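Asks: sharing a sequence plus its predicted fold:
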Amino acid sequence: MKIRAALCLTWLLTGMLLSACNLPHSEEIAAVEQAGNIQTWIDAPLDGSTIPFASYEIVLHVFDSAGVTQVELSANGNLLANLSNPDPGKQLSTLKYSWRPASPGNYTLKARAQSAGGGWGSEAVAVVTVSDFTETPVITSTARVTPTPTLTATPTVTNTAAGLSFTPQISTGTFYYGACGSDQVTIQVQVPGDNVYSVVIFTNLKDQAGGGTTGWDEGSSMNPAGGGWFSRTVSSRSVAGADRFKNAWLLYQFVASDRSNQIIGRSQVYSDITLAACGAAQPPVRIITPTRPGIIPPPLFSIPTATLIPPPK
């Protein structure tokens, strides 16, 4: 009977795990049950990953057959929080914490769970790198490229410090914010080199009428396409401040990194893409039909009649 109950419990836990997206594997849970340990997993960020210098949501999973009451979370040995489990009766729970790193650098995140009985489980560890890609060189204006419906190549720029060359291509010279025309642009860049592992693109809007800029964003990873090519499609609605200017240059810059997440090269800042706001709807034209004026009769004139007086005889 005990064996049958244990099998039922195992099948139930397996079904729960298979129905979730980011939960630990059923084999891990089975191993934890067999060992009778309290277990913690750090789902995000992953061990060895690089995250931007900004607020980041840490995602944890914890398991104990008797339930988990709280989780202790630390970074580089400093306590970040004691997270209370809102549902301590569950065997498997998810907890989240919004973390703002103090500065760029390497961090060792550790988390451990406490069971309902008061015991502590082993620590889960994730070593991550917080990178600050916000620094950019002085912005220099480049010639505008005539918009075309196909990918247009721009001159190759060589980063002499790292020996890297950046050859960008764009799908269009103009995209739009609003309900007119295409609202996205695909940006590609070729960065040859065996040490190039990833490329991040940074964007900034600059008012063409001289009204300032929105400032550089936190960067977005580009998708590797093979042959040293990387690609990213930018939607106008994903650009911060897209509705601020009537016409703005989409400034963009590429930053290349190696497998150890070290920056090995930066491109120049390009300004050959225009983000244009769709024009406001014109007011309807009011057509006035002229009416024919009435006929005004001429004024009446009385013509006096002369009395003839015969000449004297």
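Replies: Cool, the structure landed. Numbering: from 1, shown residues only.
Asks: helix, strand or coil for V196?
Replies: coil (DSSP: H, G, I helix; E, B strand; the rest coil).
Asks: tell me who's in contact with the residue nearest to D207 when sequence neighbours are not counted.
Replies: In space, and not counting its chain neighbours, D207 is closest to F245: 4.4 Å by C-beta to C-beta, 6 or more residues apart in numbering. C-beta here means a position set from N, CA and C on the backbone, and glycine is covered the same way. If a contact means C-beta atoms under 8 Å, 6 or more residues apart in numbering, then F245 has L205, D207, Q208, A209, G211, L275, A277 as its contacts.
Asks: so F245 sits in a strand?
Replies: No - remark: F245 does not belong to a strand; assigned using three-state DSSP, it is coil.
Asks: for it, what are phi and psi?
Replies: Here is the backbone geometry of F245 (degrees, to the nearest 10): phi -120, psi 150.
Asks: export the contacts of F245 as CSV, with columns for distance to S115.
Replies: Shown next, in CSV, are the contacts of F245 (distance: C-beta to C-beta, whole Å):
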residue, distance to S115
L205, 52
D207, 58
Q208, 61
A209, 63
G211, 59
L275, 54
A277, 57
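Asks: of those, just the buried ones, PyMOL syntax please.
Replies: To isolate the buried members of those in PyMOL, using 16 or more other C-beta atoms under 10 Å:
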select buried, resi 205+207+208+275+277
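Asks: the contacts of F245 in strands, which ones?
Replies: L205, D207, L275, A277 (DSSP state E).
Asks: which among these gets closest to A256?
Replies: L205 (23.3 Å; C-beta to C-beta).
Asks: sort the contacts of F245 by pLDDT and name the bottom one.
Replies: Checking pLDDT across those, the minimum falls on G211 at 76.
Asks: next one: phi and psi at that residue?
Replies: Residue torsions, per degrees, to the nearest 10, at G211 are phi -90, psi 10.
Asks: and of the ones in strands among the contacts of F245, the nearest to P52?
Replies: Among these, and counting by C-beta to C-beta, the member closest to P52 is L205, at 19.1 Å.
Asks: Y252 is in contact with that closest one, correct?
Replies: No - at 10.3 Å, L205 does not count as touching Y252 under the criterion of C-beta atoms under 8 Å.
Asks: against which helices or strands is the helix or strand containing I187 packed?
Replies: If you go by DSSP states H and E, I187 is part of strand 184-190. Applying 3 or more C-beta pairs under 8 Å, 6 or more residues apart in numbering; DSSP states H and E, one finds that strand 184-190 contacts strand 164-170, strand 198-207, strand 229-235, strand 247-257.
Asks: CA atoms only: put it into PDB for me.
Replies: Provided in PDB are the C-alpha atoms of strand 184-190 (Å, rounded to 0.1, in the frame of the first residue of the first chain):
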ATOM      1  CA  GLN A 184       9.400  48.400 -38.500                       C
ATOM      2  CA  VAL A 185      12.900  48.200 -39.800                       C
ATOM      3  CA  THR A 186      15.200  45.200 -40.000                       C
ATOM      4  CA  ILE A 187      18.800  46.000 -39.100                       C
ATOM      5  CA  GLN A 188      21.600  43.600 -39.900                       C
ATOM      6  CA  VAL A 189      25.400  43.800 -39.400                       C
ATOM      7  CA  GLN A 190      28.300  41.500 -40.400                       C
END
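Asks: use 34 as the first number for this chain going forward.
Replies: That works, and once the first residue is 34, the last one we named lands at strand 217-223.
Asks: mind checking the pLDDT average for that strand?
Replies: For strand 217-223, mean pLDDT is 94.
Asks: quick one: A77 from E90, how far?
Replies: Remark: distance between A77 and E90 (C-beta to C-beta, to the nearest Å) = 7 Å.
Asks: more neighbours, the two?
Replies: For A77 versus E90, the count of surrounding residues by other C-beta atoms under 10 Å is larger for A77: 15 against 10.
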